[in-house]
Structures are given as structure tokens and as C-alpha cells.
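[1] got a structure for you, letters missing:
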């Protein structure tokens, strides 16, 4: 009974996500769903990305949090096009919430939409939002065992980001174990390292530039990243 | 429809949790449910706690993870009484999983049961497992805004632990903001700081000794911590 209802919820979500994706593609928007645990550095990454790319790309942001508008307030310093979604006790964003937020954004004046999901390595994974690419973010302070312990997130992530490389000298972190586990779970993932705090983001920015500036290529990677 | 089913699931869970609690109290076991985000240091805390207290207290551990037995393997080096629960895609432990794990532990030879929940600041909060006390764990590398952004976990935590104090010199973390938000959300919480990695755990161990060694007092704090 419970499983059946949950499947219905997922199917309903996927229907809305497909509509979101069609609307976003029609407007020429490249969309990423940014996933990661609490405090892995998602908001700092978004802030630095906006500061670095706002002269090149028109960027909008949707931010999911249980409570507060703190993330949106931080992001609004760099970008006027930010919508905060408060999920209450909800542990992930769903496609209908993204659809409502999209209505508050001028998509035809947007090249890149970043959706910062609720901090959670489990629940957001199964919910398609209409994105082109899921980006799964880890940080060195969480320990190198996190990909193996949260395999579904890695499996669904087209890009895996390892953040907080500036703290590697101060924490126990086996880079080889991390890389090996990621490769095993998702051999074709793009794996990038960064320190959002220290603004060391070159490979991430290069990847984002290449993908967001090539709207004609959107449909091919989307098919690959979202086979359903 | 969806909400109704979820409420039934919660009610069913609470019934099992009540039975768990009765069984644990009858055996004189003091039980904590340890909650925190991925990589905040829960397993390291459990390892160090076992090393410090195993001569004083008979301790058993139940560990929840989506996948792998890595945490249980780490813990088993310090304690033979450890049961790993793999939740698959499940984002939290439920009372029936704890009940099954309890069957593999000699409760009458146990003073303290530590349940290490799945790394997640959202979903485990609403599920009573039969514990006496919920311990909510944060770490300095996650940023000081986490209590405000995950208020339900703080509200339900009898003890709030701030871990990784050894990294305070290397990360931006506003200790006052953290303390203020915790106090606002849960004025009567016991707030403790520690560095599990550096084995700086005195206040945590003192608190645990006092509570676990006083089984006669279990029923009073339990009523307070679990009003339902």
C-alpha cells in the first residue's frame, strides 16, 4: 500500500518534471540540480559561480531549504534572480515546487538555472526536477567513504564535485578511495575538485561555461543523463 | 491520500518504538539515537566513546547506513556487540529495524545502546526508535547556520553536540550564531562541544557516564524527552 502510493507520487513528479524540462529547453535554459549533504558548500559554490560568470551568462537560482531565507539572501547579493523554496519538513525538492519557482523567473532572459537542493544525500536523488544534469557534491571534511555509503547519489550524478580541497592538510581523507568508489559507481561521471571557499573553481567554471553556452547541445546530454 | 498513509506509517512506527522502549527499560538499557549529517563524525565519536568507556559500561551499537558495512567494521574493532542495518534507499532508521537488530543483542548484558542513524538532518527526526535520548550532532565544517536551517532536528534533540572543534581555526564558523540558534530552538538542550578525531570528548563522556550509569533515573528523563 505504502509503496504503491510512493510510486504514484514519483510518477506524478516525473510528469511535472518532463513538463519543466520541455519549458526550460524551449526557452534555451541549461539547468543543473545541485545535490549534497548539509554544509558541503553548495551555497558558497553558487555564490562564487555567480560572481565569476555573471558577466558571461544570465543566471537564475532556485534554492531549497526546510526553513529560513538565509541562502537566498546570500545568493541575492550576486544575482537578482533567486527564488527561495521553503520545504517545511520536506527533505527534498519536488518538480511542482520547481515549476512554481520557475513562474517567478524570466526564462527567456536566462541561460543557466541552478537549483540548489535541500542538504541531503538520500531523498533528492529519486526526484527528477526537469534538470539537464545532476551535480553531486561532496566535501573533504565528510570523509572519503561517502560515495560508497551513499551510492545512489553517485549513480545519478553526471558530475561529481569534491569541495573543500583547501582542508585536505587538516583532515583524514583518502583521495584514492574516493576516486575509486566514484569510478566504480558511475564510470562516466565528470569528477572535479574545487575549493569554493578559496575561489579555486577553474575546472568547474570551465565545465559550466562549455555546457551552458552550448544550448544546441542540450538535448543530447539530456537524453543520456535522463534515460527514463 | 499520501499524507494519510504517511501518518499511518508514523503511528505504526511509534507503536513499535514504544514496545522497543519497554523492552530496553525492562533490561535496564539506556539508549541514545545519534543523528547528524553525512560525515559530521558520528562513527568516529562512537569509536572513541567505546574506547573510553568499555571498561566501565557494557555497550552495544546498532548502525544504520544505506549500503556497506564499513561503519560496523570500524566499530567492531572496539566492541563485539555491533549490528549493521542496511536501509537500501531508505533515508532513516525505523523502529521495526531497531527491533530486529535488538534481537541480536543480549540486552541483559548491556548498559548502553548507541543507535547511529543514517546521515541525514531531516528524515530520521520524526521516527521514534525507542531511545531515551536523541543526540543531534553538527560539525564546525558544516557552517554555523545549520541549526536554523534544520530546526526540527534541534527541536527534537535533548543533547546537541558540536564536533570538529579542532578545525575551527581553518573554517568560517560563528560560534555565537550557532549557540544562539540552538538555544532559541531548544532552550533546555544540553549543548556540548567535542573533537572526536582528536579524542577531546570529556564533557560528552561525563554526560554519558552520568546518564548511562543511573538506570533508576531513566524513566524520568524519558518522559520529558519523549512526551508523546
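    Nice, thanks for sending it over. From a predicted model like this one, the values you see are computed outputs, not experimental measurements.
[2] looking at it, residue A:151 is touching residue B:70, isn't it?
    No. When contacts are counted by Cβ atoms under 8 Å, residue A:151 is not listed as touching residue B:70 (12.0 Å). Heads up, the C-betas are built off the backbone N, CA and C, glycines and all.
[3] Which one of the two is surrounded by more residues?
    Comparing residue A:151 with residue B:70 by other Cβ atoms under 10 Å in any protein chain shown, the one with more neighbours is residue A:151, at 20 against 16.
[4] For residue A:170, grab the count of nearby residues.
    The burial count assigned to residue A:170 is 18, neighbours taken as other Cβ under 10 Å.
[5] Equivalent analysis for residue A:25, please.
    Burial of residue A:25 is recorded as 17 neighbouring residues (other Cβ under 10 Å).
[6] swap in residue A:76?
    When neighbours are counted by other Cβ under 10 Å, residue A:76 comes out with 16.
[7] mind listing what the closest residue to it other than its chain neighbours touches?
    Across the structure, with Cβ to Cβ, 6 or more residues apart in numbering or on different chains as the measure, the residue nearest residue A:76 apart from its sequence neighbours is residue A:82 (5.1 Å). Residues touching residue A:82, when contacts are defined by Cβ atoms under 8 Å, 6 or more residues apart in numbering or on different chains, comprise A:60-63, A:72, A:75-76.
[8] Kindly recompute the last result at 6 Å.
    Applying Cβ atoms under 6 Å, 6 or more residues apart in numbering or on different chains to residue A:82 gives the contacts A:61, A:72, A:75-76.
[9] And for residue A:109?
    Residue A:109 sits next to residue A:58 when contact means Cβ under 6 Å, 6+ apart.
[10] For the closest residue to residue A:164 other than its chain neighbours, name its beta-bridge partners.
    Spatially, and ignoring its direct neighbours in sequence, residue A:164 is nearest to residue A:139 (4.1 Å; Cβ to Cβ, 6+ apart). When assigned by DSSP bridges, residue A:139 has beta-bridge partners residue A:163.
[11] which phi and psi does the spatially most central residue of chain A have?
    The residue lying closest to the centre of chain A (Cα atoms, centre = their mean) is residue A:34, at 1.2 Å. Residue A:34 has phi and psi values of phi -100, psi 120 when expressed as degrees, to the nearest 10.
[12] wait, isn't it in contact with residue A:119?
    No. No contact is recorded between residue A:34 and residue A:119 when judged using Cβ atoms under 6 Å, the distance being 10.4 Å.
[13] how about the helices of chain A, start to end?
    Listed in chain order, the helices of chain A (DSSP state H) span residues A:2-26, A:42-53, A:70-76, A:95-102, A:146-149, A:151-156, A:175-185, A:202-212, A:219-225.
[14] Touching the second one from outside, list them.
    When you say that, I think you mean helix A:42-53. Applying Cβ under 6 Å, 6+ apart, the set of residues contacting helix A:42-53 from outside is A:34, A:36, A:59, A:71, A:74-75, A:78-79, A:114, A:116, A:137, A:196-197, A:199, A:201, A:205.
[15] Those residues also near chain B: which ones?
    Of the entries in the contacts of helix A:42-53, not a single one is placed beside chain B under the rule of Cβ under 6 Å from any Cβ of the partner chain.
[16] Going through the residues you listed, which ones are buried?
    When those are checked for burial by 16 or more other Cβ atoms under 10 Å in any protein chain shown, the buried set is A:34, A:36, A:59, A:71, A:74-75, A:78-79, A:114, A:116, A:137, A:196-197, A:201, A:205.
[17] which one of the residues you listed is nearest residue B:30?
    Distance to residue B:30, by Cβ to Cβ, is smallest for residue A:36 among the buried ones among the contacts of helix A:42-53, at 34.5 Å.
[18] which one is the closest one nearest to, not counting chain neighbours?
    Nearest in space to residue A:36, with sequence neighbours left out and distances taken as Cβ to Cβ, 6+ apart, is residue A:137 at 3.4 Å.
[19] wait, what's in contact with that neighbour?
    The contact partners of residue A:137, taken as Cβ under 6 Å, 6+ apart, are A:36, A:40, A:42, A:161, A:163.
[20] so how far is chain B from residue A:184?
    When distance is defined by Cβ to the nearest Cβ, to the nearest Å, residue A:184 is 12 Å away from chain B.
[21] And that residue, how far from residue B:41?
    The span separating residue A:184 from residue B:41 equals 25 Å under the rule Cβ to Cβ, to the nearest Å.
[22] Neighbour count: the two, which is higher?
    Neighbours were tallied for residue A:184 and for residue B:41 using other Cβ under 10 Å; the higher tally belongs to residue B:41 (25 against 12).
[23] Just to check, the more buried one is in contact with residue B:196?
    Yes. Counting by Cβ under 6 Å, a contact exists between residue B:41 and residue B:196, whose distance comes to 4.8 Å.
[24] For the two, list the residues in contact with both.
    Where contact means Cβ under 6 Å, 6+ apart, the residues bridging residue B:41 and residue B:196 through contact with each are residue B:163.
[25] I'd say residue A:147 and residue A:184 touch.
    No. With contact defined as Cβ under 6 Å, residue A:147 and residue A:184 do not form a contacting pair (8.5 Å).
[26] can you list the residues of chain A near chain B?
    A:2, A:5, A:9, A:37-39, A:65, A:67-68, A:70, A:89, A:91, A:120-123, A:141-143, A:145-146, A:148-149, A:151-152, A:170.
[27] Now restrict these to buried residues only.
    The neighbour-count test (16+ other Cβ under 10 Å) marks A:37-39, A:65, A:68, A:70, A:91, A:120-123, A:141-143, A:145-146, A:148-149, A:151-152, A:170 as buried among the residues of chain A next to chain B.
[28] sorry, back to before: nearest to residue B:177, of the buried ones among the contacts of helix A:42-53?
    residue A:74 (13.7 Å).
[29] quick one: the residue nearest to residue A:150 when sequence neighbours are not counted and residue B:91, what's the gap?
    Closest residue to residue A:150 in three dimensions, ignoring its sequence neighbours and counting by Cβ to Cβ, 6+ apart: residue A:121, at 4.2 Å. Counting by Cβ to Cβ, the gap from residue A:121 to residue B:91 is 9 Å.
[30] quick one: pLDDT of residue A:151?
    Turning to residue A:151, the model gives it a pLDDT of 97.
[31] what sits against it?
    Applying Cβ under 6 Å, 6+ apart, the residues near residue A:151 are A:185, B:67.
[32] and what of residue A:34?
    With Cβ under 6 Å, 6+ apart, residue A:34 has these contacts: A:42, A:116, A:135.
[33] how about the residues you listed in CSV, adding pLDDT?
    Supplementary listing: those in CSV, determined by pLDDT from 0 to 100:
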residue, pLDDT
A:42, 98
A:116, 98
A:135, 98
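[34] Between those residues, which sits nearest residue B:211?
    Within the set of the contacts of residue A:34, residue A:42 lies nearest residue B:211; the separation is 35.8 Å, counting by Cβ to Cβ.
[35] Great, nothing more from me.
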